[in-house]
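Asks: Structure, please.
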Amino acid sequence: MSPLRFMSLLLALSTALHRAVATASARNQPRPPAVSDHISPRIQSKEPSVYGDSAIVRRILTELGDTWAIVGLSSNQRRAAYGVAEVLQRHGKRIVPVHPKAETVHGEQGYASLAEIPFDVDVVDVFVNSDLAGAVADEAVAKGAKAVWFQLDVIDEAAYDRTRAAGLDMVMDRCPAIEIPRLG
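Replies: Alright, predicted model coming up:
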């Protein structure tokens, strides 16, 4: 899929999700989390992140391996993790859902924790809130991962420092579904 086609699909998804949110708001229903909440601001602003330069992002996406444990991935199609996992699969990554429900997602068996995965994991992609993310980074180090990726708005500077000190590559506050098309 070309980067232009990918960005068009993201824009269409974002528009559809904004309409769903507006409809839910009009009915006084709770606002569902939306992929667009996490993706559209970065696509529009294209601000560089201070938590992982372009060389580290490129290395994680192209050199460190293709097995990605995605912490927080469930079968809930409205969650950003679901869409990002699909993008990773389309780009040749094996995704491993990690969620307390241990659901099968996108045809891949899920596990309740990183420790339960019976094979090596190259990258741990984290879709939990910042308060919980540091513990996941520590589990990634213990698991022997090569890199940790904290999604947009997931920031824990102490975890970043610990993970980098342990020798892993790490980025925070970025999304691989946005970065992959930028690889060119």
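
Asks: What's the first helix or strand after the lowest-mean-pLDDT helix or strand in the chain?
Replies: Least confident element among the helices and strands of the chain, by mean pLDDT, DSSP states H and E: helix 35-45 (a mean of 40). Next helix or strand after helix 35-45 toward the C-terminus (DSSP states H and E): helix 54-62.

Asks: centre of the chain versus that next one, how much separation?
Replies: Between the centre of helix 54-62 and the centre of its host chain there is 14 Å, according to CA atoms, centre = their mean, to the nearest Å.

Asks: and what of stretch 52-62?
Replies: 14 Å.

Asks: got it, and stretch 92-107?
Replies: With CA atoms, centre = their mean, you get 12 Å for stretch 92-107.

Asks: what comes up buried for that stretch?
Replies: Lys93, Ile95, Val96, Pro97, Val98, His99, Glu103, Val105, His106 (16 or more other CB atoms under 10 Å). Quick note: C-beta positions are derived from backbone N, CA and C, even for glycine.

Asks: Using CSV, write down the CA coordinates of that stretch.
Replies: The C-alpha atoms that make up stretch 92-107 are tabulated as CSV, following Å, rounded to 0.1, in the frame of the first residue of the first chain:
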residue,chain,number,x,y,z
GLY,A,92,5.0,-7.9,7.7
LYS,A,93,5.1,-7.8,11.5
ARG,A,94,3.8,-10.6,13.5
ILE,A,95,1.6,-9.2,16.2
VAL,A,96,1.1,-10.7,19.6
PRO,A,97,-1.9,-9.4,21.6
VAL,A,98,-1.2,-8.9,25.3
HIS,A,99,-4.3,-8.1,27.3
PRO,A,100,-5.8,-9.6,30.5
LYS,A,101,-8.5,-11.2,28.4
ALA,A,102,-5.9,-13.0,26.3
GLU,A,103,-8.1,-12.8,23.2
THR,A,104,-7.2,-13.9,19.7
VAL,A,105,-6.9,-10.7,17.6
HIS,A,106,-6.2,-10.5,13.8
GLY,A,107,-5.8,-14.3,13.8
